[in-house]
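Engineer: Got a sequence here, can you build the structure:
(2 chains)
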Amino acid sequence: MKKTLKPREREQLLGTIYGGPMGLWFTLFFTVPLGIIILYSFLKRGLYGGVVWEFTLTAYKQMFNPSFAMVVIRTLWISVLSTFLCILIAIPCGYAMAKSKHQTFLLFLIIIPFWTNSLIRIYAWISILSTEGFINSLLIRLGLIDEGLKLIYNNGAVVLVLIYMYLPFAILPLFTTIDKFDFSLFDAARDLGATKLGSIVRVLFPNIKSGLSTAFIFTFIPIFGAYTVPLLVGGKDSTMIGNIIVDQVSKTRNWPLASAFSMILTLISLIGVFWMLYNGKREQMQKEGGLKKTTQQALEHNVKAHHTHRGTK
Amino acid sequence: MNYHKYSNKTGFSFSYVMLTLVVVFLFIPLFVVVFFSFNSAKGMQWDHASLVWYKTLIYDSPSLWAAFKNSLIIALTSSITATTLGTLAAIGIKWYRFHGRSYITTVSYLPMVLPEVIIGISMLIFFSAVKVRLGMFTIFVAHTTFNLPFVFMMVSARLDEFDYSTVEAARDLGANERQTLTKVIIPSIIPAVLSGFLMCITMSLEDFVITFFVSGPGSGTLPLYVYSMIRYGVSPVINALSFVMILGTMIIAFIFRKFLKTVAASS
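Structural biologist: Numbering: from 1, shown residues only, chains lettered A, B, ... in the order given. Take a look at the predicted model:
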C-alpha cells in the first residue's frame, strides 16, 4: 500500500534524499575532522604522536615561544606584502582585460599558467633561479658575472614565486567587477573636470570594492596558508605557518600544537571570508536600496564569482 | 560605444603595458621549462636539440607511470562520486526545504575557502583517530571532499536558470520522481554536470598538498612523484613531463572555452 504524503512531508523527504548524502559526506569528512582539530588543540600531546585525554592550554602557550612567534610574524608580513603586490599588479590588468575586445583570449592566457600543476610552476622557478639555473647560466655566458648569484632559497624568492602563483586569483575577480563597471561614469567624471587618476580613485575604486575585497581574500588566504612555496624556494629563514603545521605533525609529532596553529589559520581565514561577505553585502544593499541578502547568498555569490573562473585552489 | 571617449588615449598606455608584462611574466617560466626539455644536456646550458628526455619519460620511468595510474584511478573514482553527490544535493537544495538545508549549503562552501593545509591536516588527524590506514582509499575520500563544492556550485548555478515549471509540467503529465529526474532535470543540466566532472578530474590530477597528507606507501600520485623528483634537484625528465602536463592543461582550457566565454559575457 502506498502512503500519500502531505506536500510538506514530501518536500522534507525528497530534500533529504537529494541533499542527505552530500550533507553526510561533509559532516563525516569535513565537519568532524575540523571538530577533532579544535578538540586536539586543547589536549596534551602524546609521546609518539596522538594525544593524551587531558585538558590543557599548553599548545596555545607554546605558540608564544619566540621562534614560533617569529614564524607567525614572518607569515604575516610575507602574506601582506605578496597580497598587496598582487592586487597592485592585478588592478591595471583587470582594467585592461575589461576594456579589451579579446576577453576570452586574455582569460585563456591568464588561466593556462594558472591551471598548470602548481609543482611544475614552482619547479620552473627553481630551474630559473637556482645557482646553476637559467638566469645565472645566461649571465655567466654573457660574461656579466663570474659566479652564480644567490637568487633562490631566500624570502625574496618566496615572495616572487607566491606572487607568480596567486596573481591570477587577484586578476580574475577584479576583471569580473571592472567588467561590470559602467564606464560612462568615468566620462561623466572627466566631463566634470576630474583628472584621469582622480576619476580612477574616486569613481572606479568605490565601485569595485567587492572585487577588491574578493581579490584580497582569495589571494591572502592561500598565501597565508602556503606550504609548498616556502618549502621549495625558501631558505632556512623562510618557514611559514603552513610549514610549522606539517613539521609538527610529521616530524615533531606534536599534534596539539599543529592543531593550535591550524586553528589560527582557520580563524584568520574565516575572519577574512566574513569581512569579504560584509563588504559585498553592504555594497549590495547600497545598490539595491536596502534589499537584504542573507549571509548564505552573499557567500554563494562571492565564491561563485571567484570560482567560476578557476580550477585550482 | 561612447565610453571609449577618454580612456583610449591614456588607458591604453599604462594598463595594456602592464597586462602585457604580466602575461609575459606568467608564461616565461613555462617557456623556459619547455625549452630546456629539448636540451640534450642535463643542466641549464644549451647543448643541442634532442628528444632524449621524452624517451626517458616514456620508456624508462616505470614509477612515474605507476604514479600516473594511481592519479587516474583516484581522479575518476572521486570525480564520479563527487559529481553524483554534488548534483543530487544541488537539485535538493535548490527546490526543497528540509532540515539541515542551510547547514549543508554553508558547509559545502567552506572547503573551498580554507587553506589546503587545514583540509589535509584535519583529514590526516581524522583518519588516524578512527584508525583508517592511509592509502588509495583515504586519497579518494579527500579528493571527493574537495571536489564536491565545485560540482555543487556549478550545478547550482545552472539550476538558477532552470525553469521549475518544466518539472511541474512533467509531474502533471504523470511522471514520477525518478522519471522527472532522469528524463527532465538531468538532460537539461548535463552541460553543467559535465563541466563539474571535468573540473573535478583536473583538480584531482593536480592536487598535491592534500594528497601529501593522506597518502600512504604505494599510493603516490603523479604530483607526489613530481615532488619527490623536485626534491632531488632539477631533472630534465620533469621538464619533459611539464611540457606534457602544460599541453594537457591547454586542452582542458580549450574544452572549457565556451564556459569561459559565458562567464566573461555574463559577468
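Engineer: Once you drop chain neighbours, what's closest to the residue in the stretch 101-250 of chain A positioned nearest to chain B?
Structural biologist: At 2.4 Å from chain B, residue A:225 is the closest residue in the stretch 101-250 of chain A, using CB to the nearest CB. Glycine gets a C-beta too; all of them are placed from N, C-alpha and C. Spatially, and ignoring its direct neighbours in sequence, residue A:225 is nearest to residue B:115 (2.4 Å; CB to CB, 6 or more residues apart in numbering or on different chains).
Engineer: per-residue pLDDT, that neighbour?
Structural biologist: Looking at residue B:115, its pLDDT is 90.
Engineer: these two touch, right, it and residue A:267?
Structural biologist: No. Residue B:115 is beyond contact range of residue A:267, at 11.6 Å (criterion: CB atoms under 8 Å).
Engineer: What's the local residue count around residue A:262?
Structural biologist: Residues near residue A:262, counting by other CB atoms under 10 Å in any protein chain shown, number 31.
Engineer: Also the one 4 residues further on?
Structural biologist: Neighbourhood size, residue A:266 [other CB under 10 Å]: 19.
Engineer: So it versus residue A:4, what's the distance?
Structural biologist: Shown here: residue A:266 relative to residue A:4, a distance of 47 Å by CB to CB, to the nearest Å.
Engineer: How about residue B:182?
Structural biologist: 23 Å.
Engineer: So for those two, which residue has more residues nearby?
Structural biologist: Neighbour tally, residue B:182 and residue A:4, criterion other CB under 10 Å: the higher count belongs to residue B:182, 11 against 6.
Engineer: and residue A:257, what is it in contact with?
Structural biologist: Residue A:257 sits next to A:45, A:59, A:62-63, A:248 when contact means CB atoms under 8 Å, 6 or more residues apart in numbering or on different chains.
Engineer: With respect to chain B, which of the residues you listed is nearest?
Structural biologist: Looking across these and measuring by CB to the nearest CB, the closest to chain B is residue A:248, at 9.2 Å.
Engineer: Count the neighbours of the closest one for me.
Structural biologist: Around residue A:248 there are 24 residues (other CB under 10 Å).
Engineer: now it, what's its secondary structure?
Structural biologist: helix (DSSP: H, G, I helix; E, B strand; the rest coil).
Engineer: need the helices for the stretch 101-250 of chain B, in chain order.
Structural biologist: For the stretch 101-250 of chain B, helices defined by DSSP state H, counting those that start in this stretch occupy the ranges B:101-113, B:116-129, B:136-160, B:164-172, B:177-179, B:186-206, B:209-214, B:222-232, B:236-255.
Engineer: Out of those helices, which is closest to residue A:125?
Structural biologist: The closest of those to residue A:125 is helix B:222-232. By CB to CB, the value is 10.8 Å.
Engineer: Can you check what angle separates the closest one from helix B:136-160?
Structural biologist: Orientation of helix B:222-232 against helix B:136-160 (axes from the mean of the first three to the mean of the last three CA atoms, to 10 degrees) gives an angle of 120 degrees.
Engineer: quick one: helix B:222-232 to helix B:186-206, angle?
Structural biologist: 20 degrees.
Engineer: low-scoring stretches of chain A, by residue?
Structural biologist: The model of chain A has pLDDT under 70 over residues A:1-3, A:284, A:287-313.
Engineer: can you pull out the strands in it?
Structural biologist: With DSSP state E as the criterion, chain A has strands at A:43-45, A:51-55.
Engineer: who are the neighbours in contact with residue 164?
Structural biologist: With no chain named, the answer covers chain A. A:121, A:125, B:25-26, B:29.
Engineer: my bad, the chain I had in mind was chain B
Structural biologist: Residue B:164 neighbours (CB under 8 Å, 6+ apart): residue B:95.
Engineer: One more pass at 6 Å, please.
Structural biologist: Taking CB atoms under 6 Å, 6 or more residues apart in numbering or on different chains, we find residue B:164 in contact with no residue.
Engineer: do residue B:113 as well
Structural biologist: Taking CB under 6 Å, 6+ apart, one finds residue A:273 in contact with residue B:113.
Engineer: if I look at it, how far off is residue A:76?
Structural biologist: 19 Å.
Engineer: do the same with residue A:5
Structural biologist: Distance, residue A:5 to residue A:76, using CB to CB: 55 Å.
Engineer: Also residue A:36?
Structural biologist: The value you get for residue A:36 to residue A:76, if CB to CB is used, is 27 Å.
Engineer: Which of these two has more residues huddled nearby?
Structural biologist: Shown here are residue A:36 and residue A:76; by other CB under 10 Å, residue A:36 has more neighbours (20 against 14).
Engineer: quick one on the thing from earlier: nearest to residue B:61, of the helices of the stretch 101-250 of chain B?
Structural biologist: Nearest of the helices of the stretch 101-250 of chain B (CB to CB): helix B:236-255, 6.5 Å.
Engineer: which helices and strands sit right next to that closest one?
Structural biologist: helix A:103-115, helix A:118-129, helix B:17-37, helix B:52-59 (3 or more CB pairs under 6 Å, 6 or more residues apart in numbering or on different chains; DSSP states H and E).
Engineer: Just the buried positions in it, please.
Structural biologist: B:236-243, B:245-246, B:248-249, B:252-253 (16 or more other CB atoms under 10 Å in any protein chain shown).
Engineer: Check stretch B:57-69 too.
Structural biologist: B:57, B:61, B:64, B:67-68.
Engineer: right, is that stretch up against chain A?
Structural biologist: No. Counting by CB under 6 Å from any CB of the partner chain, chain A is not contacted by stretch B:57-69; separation bottoms out at 12.4 Å.
Engineer: Quick one: mean pLDDT over that stretch.
Structural biologist: Average pLDDT, stretch B:57-69: 87.
Engineer: roughly how far is it from the heart of the chain?
Structural biologist: For stretch B:57-69, the separation from the chain centroid amounts to 22 Å (computed by CA atoms, centre = their mean, to the nearest Å).
Engineer: Show residues contacting it.
Structural biologist: Contacts of stretch B:57-69 (CB under 6 Å, 6+ apart): B:220-222, B:225, B:237, B:240-241.
Engineer: can you do 8 Å?
Structural biologist: B:220-222, B:224-225, B:237, B:240-241, B:244.
Engineer: what do you get for stretch B:87-104?
Structural biologist: A:11-23, A:26, A:296, B:105, B:108, B:151-152, B:155-156, B:159-160, B:162, B:164, B:167, B:181, B:185-186, B:189, B:193, B:196.
Engineer: Over to that stretch now: how far is its first residue from its last?
Structural biologist: 13 Å (CA to CA, to the nearest Å).
Engineer: which of the residues in that stretch are buried?
Structural biologist: In stretch B:87-104, counting by 16+ other CB under 10 Å, buried: B:87-96, B:98, B:100-101, B:104.
Engineer: what's the model's confidence in it, averaged?
Structural biologist: Mean per-residue pLDDT for stretch B:87-104: 88.
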